[in-house]
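> attaching a predicted model along with its sequence, questions to come.
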Amino acid sequence: MESAVKYINKKFPNIDFRGNNQNLNNIQKEKSEVLNTLTSFYHTYIDVMEFRDHVYELLNTIDACQCFFNITVNYEFTKSYLDLIVTYTSVILMLSRIDDKKVLVGMYNCAHEMSNGAR
């Protein structure tokens, strides 16, 4: 799989799945195993990206509304805001520890494309 990993890492996100690419032959042979192994990672990664988008949207709304954060006046609101920031930071830091995110996502995408013919 080393040649496939190098190829995906170099070409990501513009990986050409069509054609007879010698670098992706190992993924073609083991596509069901790759899909089984990487499915949970891929879906978790997608969930984290959706969470990030929702947090950005919420923070923009809070900013646009010029909300007032004071623990003595708005305890629940301020506590919930701080909990959101801590959770968001924890998730993003945990995700940043995964060095080969694009290789894993690219391998899953490649195996899915080879199995189903659509991204």
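Arrived safely.
> next structured bit after the helix or strand hosting Glu76?
Element membership of Glu76, judged by DSSP states H and E, is helix 75-96. The C-terminal neighbour of helix 75-96 among helices and strands, as given by DSSP H and E, is helix 101-116.
> and that next one, what does it pack against?
helix 2-11, helix 25-29, helix 31-64 (3 or more Cβ pairs under 8 Å, 6 or more residues apart in numbering; DSSP states H and E). Heads up, the C-betas are built off the backbone N, CA and C, glycines and all.
> could the ones you listed go into JSON lines alongside mean neighbour count, mean pLDDT and distance to Asn109?
Formatted as JSON lines, the helices and strands packed on helix 101-116 follow (neighbours: other Cβ atoms under 10 Å; pLDDT from 0 to 100; distance: least, Cβ to Cβ, whole Å):
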{"stretch": "helix 2-11", "mean neighbour count": "16", "mean pLDDT": "75", "distance to Asn109": "9"}
{"stretch": "helix 25-29", "mean neighbour count": "16", "mean pLDDT": "75", "distance to Asn109": "10"}
{"stretch": "helix 31-64", "mean neighbour count": "13", "mean pLDDT": "91", "distance to Asn109": "8"}
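> now distance to Thr87 too, for the ones you listed, in a markdown table please.
Compiled in a markdown table, those are given as follows (distance: least, Cβ to Cβ, whole Å):
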| stretch | distance to Thr87 |
| --- | --- |
| helix 2-11 | 30 |
| helix 25-29 | 35 |
| helix 31-64 | 9 |
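> I'd like to know which of those helices is closest to Leu104.
helix 31-64 (5.7 Å; Cβ to Cβ).
> could you find the closest non-adjacent residue to the residue most central in space within the chain?
Geometric centre of the chain, nearest residue: Tyr45, 3.1 Å, by Cα atoms, centre = their mean. Spatial nearest neighbour of Tyr45, excluding adjacent residues (Cβ to Cβ, 6 or more residues apart in numbering): Val105 at 6.2 Å.
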